[in-house]
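**Q** model the following, please.
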Amino acid sequence: MNFGEVLAHFKKKEDAESLVPLIEDQVLRKAIAAWKSVKITFKTPIGDCSEDQDEVCKWEWLWSKIDFNTNHFGVVAGLKGQDIEPTLMRLRGLRLIYPDGTINVLAQQYLRSIVMTHLNKAKPKGQPQK
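**A** Numbering: from 1, shown residues only. I've put the predicted structure just below:
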């Protein structure tokens, strides 16, 4: 399986349960938003992943094929230096971010709903809804 096939496999398996930590954790929400601004560099050659590997090994294989600047991510996410790695571990472990620079679609929808709720509250009364 190549990188794209393994990545697609995980994207097809997204589930709502992985969103539970986001409900109460503002740090994770900010970190997810920051992930999209990280420049991903793919290592070459990427090679293929064995189909015989278990899910955890496939997931780790994906992440072993990229590089990115963790400090840049931490600054954009508003994290303290000592919180960068643990936060990345949580995001990866919960499969809320992907090694291609994208985020879990369900997490993206959840974040958008939060933003829309705040925007709707901020509208002055009497202003027509669009």
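
**Q** only C-alpha atoms from now on, for both contacts and neighbour counts.
**A** Noted.

**Q** for the most centrally placed residue in the chain, phi and psi?
**A** With distances taken as Cα atoms, centre = their mean, residue 97 lies nearest the centre of the chain, 2.0 Å away. As for residue 97, its main-chain torsions (degrees, to the nearest 10) stand at phi -130, psi 160.

**Q** in the chain, what residue spans correspond to helices?
**A** 3-12, 20-24, 26-35, 55-64, 70-77, 81-93, 105-122 (DSSP state H).

**Q** TSV for those, including mean pLDDT and distance to residue 47?
**A** Output for the helices of the chain, formatted as TSV (pLDDT from 0 to 100; distance: least, Cα to Cα, whole Å):
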stretch	mean pLDDT	distance to residue 47
helix 3-12	95	8
helix 20-24	91	34
helix 26-35	95	25
helix 55-64	96	10
helix 70-77	96	24
helix 81-93	97	21
helix 105-122	86	26
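
**Q** looking at these, which is closest to residue 46?
**A** helix 3-12 (7.3 Å; Cα to Cα).

**Q** can you list the helices and strands that that closest one packs against?
**A** Judged by 3 or more Cα pairs under 8 Å, 6 or more residues apart in numbering; DSSP states H and E, the packing partners of helix 3-12 are helix 55-64.
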